[in-house]
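[1] Pasting the sequence and the predicted coordinates here, then a few questions.
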Amino acid sequence: MQNVELVVERRLRPIFESIEIGNYKKALQDVEKVLKKNPTIQCGRALKAWAYIRLGRDEESATLIKALEAETPSESTTLHVMTLCYKETDQLDKICALFTNASKLHPGNEELLSQLFIAHMRVNDFKAQQTVALQLYKLKPRNPFYFWAVMSVVLQALRGPDRNDQQKSKLLLSLAQRMVDKLIAENKLEASQEVQLYLQILQYQEKYQEMLEFLEGSVCQKLYPGAPHSIKIDLLKRLNKWGDLNKLMKTLLEADPDRWDYYQDYIQSTFELIKSQEKPPETDHTVDMCHEFICGIMESQPRKHRGPYLARLELNRLMVENRYDREQLFGELTDLLLDYFRMFGDKTCCANDLKLFLEYVEPAKRPGFAAKLMQECRINPVTLPSNKEHMQRHICSLQIARFCGAHAALTEEHLTALYTALTLHYEHGFSAFGQGLLPTDMGPSDPYALLAVHIMYDRAWYLQRSEPLVEALCLLHHLLSNSINNFHAKLLALQAFHRLGLLEAAHKMYE
């Protein structure tokens with residue numbers, strides 16, 4: 001008998017493969033040959049139904065599947081093929097019935113119960129998921145099955161029919177917590193995923209103090225030693241434990257001095273301590289202490305990082321925002337921005353870094369600040385950048401000048417002259433520093449061309465004419481021929497196409 005089954009399986013496997021590769025007619029012919037010799041084979045009939053579905057013969061397929069359902073199949077290959085048929089006809093609920101009947105015939109079968117659990121997952125029947133998961137745990141007391149049940153309870157609270165009933169949702173989350181508490185008390189937690197789920201359950205209930213205590217406890221330290229620092233940081237913020245947050249951020253910054261997000265939380269904790277007038281030990285609870293800590297990191301760096309310099313700017317910004325006296329500030333903001341430019345102006349991110357703080361520079365001082373940056377570049381109408389870093393500093397100064405509104409004050413003639421200069425700088429930068437790049441790379445001189453395109457938009461608005469936009473499109477076409485993946489250029493081209501009413505060209509660009 002076993003040999004017969006092996007022979008049949010060998011004959012059915014090529015049929016399955018034929019359907020998978022799209023050779024449906026051959027699969028149908030082969031399965032009919034098998035069924036001619038063995039007409040009662042359930043898997044063969046299921047494969048025939050699947051082939052019918054792929055051929056669009058749904059009625060014939062439905063007849064075969066209905067006959068198979070009446071026989072209550074329980075063989076794994078047949079169940080798998082019928083599952084595929086139900087998926088392709090969008091009858092996911094019938095998969096649940098299929099495995100429910102099969103598991104009744106074989107009540108102790110772990111594989112069938114697991115497939116039944118997955119079937120309930122597909123239709124979001126969380127209550128049934130919980131029941132099956134507990135059956136599996138009773139059959140084989142393993143943690144994964146138990147936590148399937150826990151997760152099912154959580155999903156009932158978050159996505160089930162009672163999710164909008166706060167009282168029922170609260171009870172379900174409380175039940176999920178008690179289920180995990182039972183394992184914790186018995187010291188049966190085994191994996192980091194179990195710890196993460198428990199933390200989520202506490203978070204959904206807004207039990208932040210319990211969450212923090214568990215996070216700092218021995219169980220979490222043992223099973224989830226790599227827990228992200230962001231979890232604890234968020235908890236300390238929610239619990240207003242600014243002193244603990246301040247100490248934590250100092251420790252993290254000493255280990256990783258270039259984390260801008262850490263500096264933001266550190267400075268926030270300092271200002272919160274100032275507001276509450278708390279002075280916990282080992283914390284920086286004044287702006288002077290905060291500034292001293294940041295400067296200490298600056299001086300201890302073997303290689304200059306942007307993080308502490310941005311932090312110094314952020315500290316000054318918040319002092320301005322909180323209306324500290326000018327005498328209390330740690331230097332003029334424009335001077336600090338200029339220092340930052342001198343150190344990091346050759347990085348592509350420098351302009352966007354400085355942009356964060358420009359709104360806190362008095363409007364009357366912005367043109368002068370932009371002019372100072374241009375002077376720092378030492379580029380005049382008859383000189384060109386000597387290397388890629390020099391070029392990037394020049395680009396950064398031009399971008400900052402635009403952020404400061406310098407271009408808005410220019411006449412149409414000056415805009416035209418600036419456009420010409422920028423296009424020449426782009427051509428020089430591309431020929432000198434933009435050769436041999438990967439197709440996915442954006443050219444180092446591309447920002448010159450993008451600025452020139454923005455100048456053309458300004459001219460078009462100033463003149464109320466379309467010719468500058470056409471010229472901008474020509475430049476963008478040239479830019480995209482050199483940097484085919486420059487998404488900034490593509491977005492600007494789309495904007496120009498739409499403004500000119502060139503919908504077909506825009507459609508091609510979208511494609």
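    Received the coordinates, thanks. Residues are numbered from 1 along each chain as shown.

[2] Can you show me the helices along the stretch 151-300 of the chain?
    Assigned by DSSP state H, counting those that start in this stretch, the stretch 151-300 of the chain shows helices spanning 166-185, 192-204, 208-216, 218-223, 229-238, 242-255, 260-276, 287-300.

[3] Which among those helices is found nearest to His394?
    Ranking the helices of the stretch 151-300 of the chain by proximity to His394 (CB to CB) places helix 260-276 first, at 25.3 Å. Glycine gets a C-beta too; all of them are placed from N, C-alpha and C.

[4] Could you measure from the spatially closest residue to Leu55 that is not a sequence neighbour over to Arg393?
    Once flanking residues are discounted, Leu55 sits nearest to Tyr24: 5.1 Å by CB to CB, 6 or more residues apart in numbering. The gap separating Tyr24 from Arg393 is 64 Å, by CB to CB, to the nearest Å.

[5] next one: Arg326
    Plainly put, Arg326 is 30 Å away from Arg393 if you go by CB to CB.

[6] Who has more neighbours out of the two?
    Higher neighbour count among Arg326 and Arg393: Arg393, with 24 against 8, using other CB atoms under 10 Å.

[7] Who are the packing partners of the one helix or strand that one maps to?
    Using DSSP states H and E, Arg393 sits in helix 388-403. Counting by 3 or more CB pairs under 8 Å, 6 or more residues apart in numbering; DSSP states H and E, the packing neighbours recorded for helix 388-403 are helix 333-344, helix 350-358, helix 366-377, helix 412-433, helix 446-463.

[8] Contacts for that helix next, please.
    Defining contact as CB atoms under 8 Å, 6 or more residues apart in numbering, one finds that helix 388-403 is touched by 341, 345-348, 350-351, 354-355, 358, 369-370, 373-374, 376-377, 379, 385, 407, 422, 425, 429, 433, 444-445, 447-448, 451, 454.

[9] Buried only: go through these for me.
    Buried residues within those, counting neighbours by 16 or more other CB atoms under 10 Å: 341, 345-346, 350-351, 354, 358, 369-370, 373-374, 376-377, 379, 385, 407, 422, 425, 429, 433, 444-445, 447-448, 451, 454.

[10] list the contacts for the nearest residue to Leu98 once chain neighbours are set aside?
    Spatial nearest neighbour of Leu98, chain neighbours left out: Met82 (6.0 Å); criterion: CB to CB, 6+ apart. Counting by CB under 8 Å, 6+ apart, Met82 makes contact with Ala46, Ala49, Ile65, Leu68, Pro73, Ile95, Leu98.

[11] Does Met82 lie in a helix or a strand, and which?
    helix 76-88.

[12] likewise Leu112?
    helix 110-122.

[13] How about Thr72?
    Under the criterion DSSP H and E, no helix or strand holds Thr72.

[14] surely it meets Ser103?
    No - Thr72 is beyond contact range of Ser103, at 10.9 Å (criterion: CB atoms under 8 Å).

[15] okay, these two: which has more neighbours?
    Between Thr72 and Ser103, Ser103 has the larger neighbour count (other CB under 10 Å), namely 21 against 11.

[16] State the helix or strand in which that one lies.
    helix 92-105.

[17] Check which helices and strands that helix sits against.
    Using 3+ CB pairs under 8 Å, 6+ apart: helix 92-105 touches helix 58-70, helix 76-88, helix 110-122.

[18] okay, the angle between the second one and helix 92-105?
    Angle between the axes of helix 76-88 and helix 92-105 is 160 degrees (criterion: axes from the mean of the first three to the mean of the last three CA atoms, to 10 degrees).

[19] Show me which positions of helix 76-88 end up buried.
    Thr77, Thr78, Leu79, Val81, Met82, Thr83, Leu84, Cys85, Tyr86.

[20] Tell me how many other residues surround the residue nearest to Thr270 when sequence neighbours are not counted.
    Nearest non-adjacent residue to Thr270, counting by CB to CB, 6+ apart: Cys290, 4.5 Å away. Neighbour count for Cys290, taken as other CB under 10 Å: 27.

[21] so what's Cys290 up against?
    Going by CB under 8 Å, 6+ apart, Cys290 touches Tyr266, Ile267, Thr270, Asp284, Leu315.

[22] Over to Gln221?
    Contacts of Gln221 (CB under 8 Å, 6+ apart): none.

[23] Could you do the one 10 residues further on as well?
    In this structure, Ile231 makes contact with Leu199, Leu215, judged by CB under 8 Å, 6+ apart.

[24] and what of Ser74?
    Asn101, Ala102, Leu105, His106, Leu112.

[25] Now list the buried members of those residues.
    Asn101, Ala102, Leu112.

[26] So, low pLDDT: which residues of the stretch 151-300 of the chain?
    In the prediction, the stretch 151-300 of the chain carries no residues with pLDDT under 70.

[27] ok so, going back, pLDDT on the helix holding Arg393, on average?
    Regarding helix 388-403, the rounded mean pLDDT is 94.

[28] For it, buried residues please.
    Using 16+ other CB under 10 Å as the test for burial, helix 388-403 gives 390-403.

[29] what's the answer for stretch 93-104, then?
    Lys94, Ile95, Cys96, Leu98, Phe99, Thr100, Asn101, Ala102, Ser103.

[30] just checking, the third one touches Gln115?
    When you say that, I think you mean Cys96. No - counting by CB under 8 Å, Cys96 stays clear of Gln115, with 10.0 Å between them.

[31] what's the distance between Gln277 and Ile233?
    The value you get for Gln277 to Ile233, if CB to CB is used, is 23 Å.

[32] With neighbour numbers in mind, choose between the two.
    Legend: neighbour count by other CB under 10 Å for Gln277 and Ile233, higher for Ile233 (18 against 7).

[33] Enumerate every residue touching the more buried one.
    Leu245, Leu248, Met249, Asp265.

[34] Going by neighbour count, which of these are buried?
    Leu245, Leu248, Met249, Asp265.

[35] ok, the third one to Arg317 distance?
    So the one you mean is Met249. 18 Å.

[36] Tell me how many other residues surround the closest residue to Leu212 other than its chain neighbours.
    Excluding the flanking residues, the one nearest Leu212 by CB to CB, 6+ apart is Leu235, at 4.7 Å. Other residues within reach of Leu235, judged by other CB under 10 Å, total 22.

[37] just Glu427 next, same as before
    Neighbours of Glu427 under the rule other CB under 10 Å: 16.

[38] Cool, thanks, talk later.
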